[in-house]
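Q: Structure, please.
(one chain, ligands or ions: 1)
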Amino acid sequence: MNELGRLEDLPQSYRDELTALNLVPLWPSLRAVLPPGKPRPNTKPTFWSYQALRPLLMRAGELTPMEKAERRVLVLANPGHGLENMKASAAIYLGMQLLLPGEWAPSHRHTPNAVRMIVEGEGAYTTVDGEKCPMSRGDLILTPTGLWHEHGHDGTEPVVWLDVLDLPLVYFLEASYAIEGQRQTVKPGRGDQAYAAAGIVPTPVFTRSSKAYPMLRYPWAQARAALVALGADRPDLDPVQVSYVNPETGAAAQNILGFYALMLRPGQTLQLPARSPASVFHVIEGGAQVQAEEHHFTLAEADTCCVPGYTAITLRNLRSDAPSFVFIADETPLHKKLGVFEERV
Ligand SMILES: [Fe+2]
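A: Below is the predicted model:
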C-alpha cells in the first residue's frame with residue numbers, strides 16, 4: 001500500500017488558507033478513517049471484578065445521598081475510549097447501580113435504551129411505563145427509549161444491578177436527552193405474566209398487542225429453565241444459547257443492542273467467531289474464562305468484561321462439575337440494521 005502525503009508535506013500558508021475556509025485535506029487522514037482490512041477499535045478488552053468494585057459502590061452509598069445522585073452508579077468505563085467518555089464500547093455504556101433499602105430513584109424517561117441485569121439483593125423494583133417489575137438476581141428488565149421508569153426498594157439489603165445502555169451511540173448522534181417526571185401510577189398487567197409460555201401470546205378478541213415493547217421483564221428463572229431444557233434436549237448442541245426477543249415479533253428485544261443468555265456445559269470450551277459487533281460478558285452463575293486475542297479474563301459470579309468487535313473469543317467454563325451461565329450484550333441489532341454486520345470464520 002503506497003504511502004499517502006502527510007499534512008506536514010503541505011505548505012503552512014496553504015494549510016492556513018484551508019483552515020480559514022473550514023476545509024481539510026482528506027489524504028493525510030484517509031488511512032486512519034479507512035484502515036486496511038479491519039477496523040482499529042478504541043475499545044480495549046477490559047475486565048471489571050465485582051468483588052473489587054462492590055466496596056467502592058457501597059461507599060458511594062455513604063458518600064452520596066440519592067437526592068445528590070439521582071442514579072447512584074459507578075460506570076464501567078473502557079480506558080481505550082478515555083474513562084471520562086464513559087463507554088464500554090463504541091455503542092455500549094455499562095454501569096453498576098446501587099439502591100439502598102427505602103430509597104427511590106425518581107421517574108424519568110430518555111432517548112437512550114436501557115436494560116438492567118440484576119446482580120444482587122431482593123426487594124427492589126423498577127416501574128416501567130406503569131408496569132411494576134420486581135428485581136431478582138439474573139432478571140433482565142427493559143427500559144426502552146421514551147418509557148417512564150423509576151426504581152424503588154422495599155427490602156432490607158442493598159440491591160445492585162448492571163445497567164446496559166446504548167448511550168454512547170445516541171449521544172454521538174446528538175439525540176440524547178432526558179425528561180424528569182412524576183411518580184408513576186402502577187397499572188394492572190405484567191408482560192412476564194402475559195408471555196409466560198413460549199409460543200403463546202395474548203389475543204383478546206383475536207387481536208395481537210401493538211406495543212413496541214410488550215415484555216419488559218424477563219425473569220432469570222424462565223431463561224435459566226429454557227437453557228437447561230434446551231441443553232438436555234440437545235446434548236449435541238453447541239452452544240446452548242437463547243436470545244431475549246420481543247415475543248410478538250421475534251425481533252431483538254430492543255432496537256440497538258442485543259441480549260442473550262448462554263449456558264456453558266460442565267468443562268466446556270466454546271469458540272466464538274470474530275464478529276463485527278463489540279460484546280459484553282457477565283457471569284450470572286458459575287465462572288468463565290474469556291480469552292480475546294492475548295487477553296485472558298477469569299470471571300467469577302457478577303464479574304463483567306467487554307471485547308471489541310472483529311475479535312475471535314474463546315469461553316471456558318471454570319466449573320467441570322456444573323454448568324455456568326453467562327449474560328451477553330452486544331451491538332448486533334445495530335450492525336445488522338446498518339448493514340455493516342460481519343462474521344469472519
Ligand atoms: Fe434512566
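
Q: Would you agree Thr43 is in contact with Ala90?
A: Yes - counting by C-beta atoms under 8 Å, Thr43 does reach Ala90; the two are 6.4 Å apart. For glycine as for every other residue, the C-beta is placed from the backbone atoms N, C-alpha and C.

Q: okay, and the common contacts of those two?
A: Both Thr43 and Ala90 are contacted by 81, 278, under the criterion C-beta atoms under 8 Å, 6 or more residues apart in numbering.

Q: so what's the closest residue to Gly181 other than its chain neighbours up against?
A: Closest residue to Gly181 apart from its sequence neighbours, by C-beta to C-beta, 6 or more residues apart in numbering: Ser107 at 4.2 Å. Under the criterion of C-beta under 8 Å, 6+ apart, the neighbours of Ser107 are 127, 148-150, 180-184.

Q: filter the residues you listed to the buried ones?
A: Listed as buried from the contacts of Ser107 are 127, 148-150, 184; burial here means 16 or more other C-beta atoms under 10 Å.

Q: got those as a markdown table, with secondary structure and pLDDT columns?
A: Shown next, in a markdown table, are the buried ones among the contacts of Ser107 (DSSP: H, G, I helix; E, B strand; the rest coil; pLDDT from 0 to 100):
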| residue | secondary structure | pLDDT |
| --- | --- | --- |
| Thr127 | strand | 97 |
| Trp148 | coil | 97 |
| His149 | strand | 97 |
| Glu150 | strand | 96 |
| Gln184 | coil | 94 |
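
Q: wait, which of those is closest to Gln291?
A: Taking C-beta to C-beta as the measure, Gln291 lies nearest His149 of those, at 36.0 Å.

Q: residues near the closest residue to that closest one other than its chain neighbours, how many?
A: For His149, ignoring the flanking residues on the chain, the nearest one in space by C-beta to C-beta, 6+ apart is Thr143 at 4.2 Å. For Thr143, the neighbour count with other C-beta atoms under 10 Å is 28.

Q: C-terminal to the host helix or strand of Gln193, what's the next element?
A: Take DSSP states H and E as the rule and Gln193 turns out to sit in helix 191-194. As assigned by DSSP H and E, the chain's next helix or strand after helix 191-194 is strand 217-218.
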